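*Asks:* Any chance you could fold what I've pasted below:
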Amino acid sequence: MSKSTSTLLVLLVTLAWFWFSWKWYTCWCMQSCGCEPKVEETIPATPSQGDVEMKRFPIDFKWSDATAFTNSGFETYQQSIQDGMNENNRLEIVGQYFEGEPAPDGFENMGLARAEKIKALFSPPIPDDRIILRARLIDSIENMRTAYFEASSLKWMEGERKTVEELDDRIIIRFPVNSTRKTYDPSVDEYLDKLAKRMKETGERVSLTGHTDNVGDADKNLNLGERRANAIKEILISKGVDGSLITVSSKGETQPVADNSTNEGRQDNRRVEVQLQKKQ
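*Replies:* Here you go, the predicted model:
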């Protein structure tokens, strides 16, 4: 063995002896003195705004997604809906949607797609022929692109759908096929009398938006929707309302509230929506 190799071997043996001696001393010290190795304490970080749990609903949705998510409270809600069924009523499921959400394949808008997803949660046991699907475009809400939202409304309906339907945020007046004349129904005249009286007393403005089914040319339907809205405007003016308080527009066939493949759906789509606006 060469002298350099012998020197290296002695050095390695010496280092090994020092290491084993240090380990033995450390273990003996811990056992005899009750020492414990120091452990770093981990302090949980304070949750940031982004970590706060989002509010959820029994049934809710995400932006540009028709999937109906079910959460805590859904089974109770589901049972309450099922308990409302009697021998004759029908369940109306309204899928709501926002401006800018794309229509999924096979549907005219996101609202109808959401209504179809909700239907799957209730049928069965509720028979398909006892369920009506509807859509409704609603106003934007805060954080709608990042948070979960309800976007649905369910209620039981008795009898046929009325010519005048009063909702929370609008009134719907329905029209016959290819016509600018409202369906003859005393309730329409009663409502317009009431609306005219209110506008004259309060000075509130009203917007009238005409809609059609999808039968025929899209441009002609846009014009037909406007003529329907103007027909209601003229009736209000004849009842003493200042014409400057009335705004008229048309969406034609672009915002259906029901499936245009059925007669009932097309009838629902032929309408004027009336929305009151408080005086500034």
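*Asks:* what ranges do the helices span in this structure?
*Replies:* Counting by DSSP state H, the segments of the chain that form helices are 3-33, 74-82, 110-122, 186-202, 218-238, 263-269.
*Asks:* Quick check: which helices or strands does the fifth one pack against?
*Replies:* What that stands for is helix 218-238. With contacts taken as 3 or more C-beta pairs under 8 Å, 6 or more residues apart in numbering; DSSP states H and E, helix 218-238 sits against helix 186-202, strand 205-211, strand 246-252, strand 271-277. C-beta here means a position set from N, CA and C on the backbone, and glycine is covered the same way.
*Asks:* Using a markdown table, lay out the ones you listed together with mean neighbour count and mean pLDDT.
*Replies:* Written out in a markdown table, the entries for those read as follows (neighbours: other C-beta atoms under 10 Å; pLDDT from 0 to 100):
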| stretch | mean neighbour count | mean pLDDT |
| --- | --- | --- |
| helix 186-202 | 15 | 91 |
| strand 205-211 | 21 | 96 |
| strand 246-252 | 18 | 97 |
| strand 271-277 | 19 | 93 |
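*Asks:* Determine which of these approaches Ala218 most closely.
*Replies:* Taking C-beta to C-beta as the criterion, strand 246-252 is the member of the helices and strands packed on helix 218-238 that comes nearest to Ala218, at 6.2 Å.
*Asks:* relative to helix 186-202, how tilted is the closest one?
*Replies:* Regarding strand 246-252 and helix 186-202, their directions subtend 140 degrees when assessed with axes from the mean of the first three to the mean of the last three C-alpha atoms, to 10 degrees.
*Asks:* shift numbering so it begins at 24
*Replies:* Understood, numbering begins at 24; the last thing we discussed is strand 269-275.
*Asks:* what residues are up against the residue nearest the centre of the chain?
*Replies:* The C-alpha lying nearest the average C-alpha coordinate of the chain belongs to Ala174 (C-alpha atoms, centre = their mean; 2.5 Å). Going by C-beta atoms under 8 Å, 6 or more residues apart in numbering, Ala174 touches 83-84, 118-120, 134, 137, 161.
*Asks:* of the residues you listed, closest to Lys262?
*Replies:* Looking at the contacts of Ala174 and their distance to Lys262, the nearest is Ile161, at 29.7 Å (C-beta to C-beta).
*Asks:* Just list whatever residues bridge to the closest one.
*Replies:* Following DSSP bridges, Ile161 is listed with bridge partners Phe121.
*Asks:* Could you do Leu114 as well?
*Replies:* Ile154, Trp179.
*Asks:* and it, how many residues sit next to it?
*Replies:* By other C-beta atoms under 10 Å, the residues close to Leu114 number 22.
*Asks:* Go through stretch 101-111 and flag the buried ones.
*Replies:* Residues of stretch 101-111 classed as buried: 101, 104, 108 (neighbour count, 16 or more other C-beta atoms under 10 Å).
*Asks:* List the contacts of the last one.
*Replies:* The reference is to Met108. 114, 149, 153, 179.
*Asks:* Just to check, Val238 is in contact with Gly288?
*Replies:* No: using C-beta atoms under 8 Å as the test, Val238 is too far from Gly288 to be in contact (11.3 Å).
*Asks:* between these two, which one's more packed in?
*Replies:* For Val238 and Gly288, the more surrounded residue by other C-beta under 10 Å is Gly288, and the numbers stand at 20 against 14.
*Asks:* ok, the closest residue to that one other than its chain neighbours - contacts?
*Replies:* For Gly288, the nearest residue in space outside its immediate sequence neighbours is Ala281; the separation is 3.6 Å by C-beta to C-beta, 6 or more residues apart in numbering. Shown here is Ala281, whose contacts under the criterion C-beta under 8 Å, 6+ apart are 135, 155-158, 287-289, 291-292.
*Asks:* Same check on Ser95?
*Replies:* When the contact criterion is C-beta under 8 Å, 6+ apart, the partners of Ser95 are 79, 81.
*Asks:* mind checking how far it is from Pro279?
*Replies:* According to C-beta to C-beta, to the nearest Å, Ser95 and Pro279 sit 33 Å apart.
*Asks:* repeat for Lys262
*Replies:* In this structure, Lys262 and Pro279 are separated by 30 Å, where distance is defined by C-beta to C-beta.
*Asks:* Looking at those two, which is more packed in?
*Replies:* Taking Lys262 and Pro279 together and counting by other C-beta under 10 Å, Pro279 has the greater number of neighbours (23 against 15).
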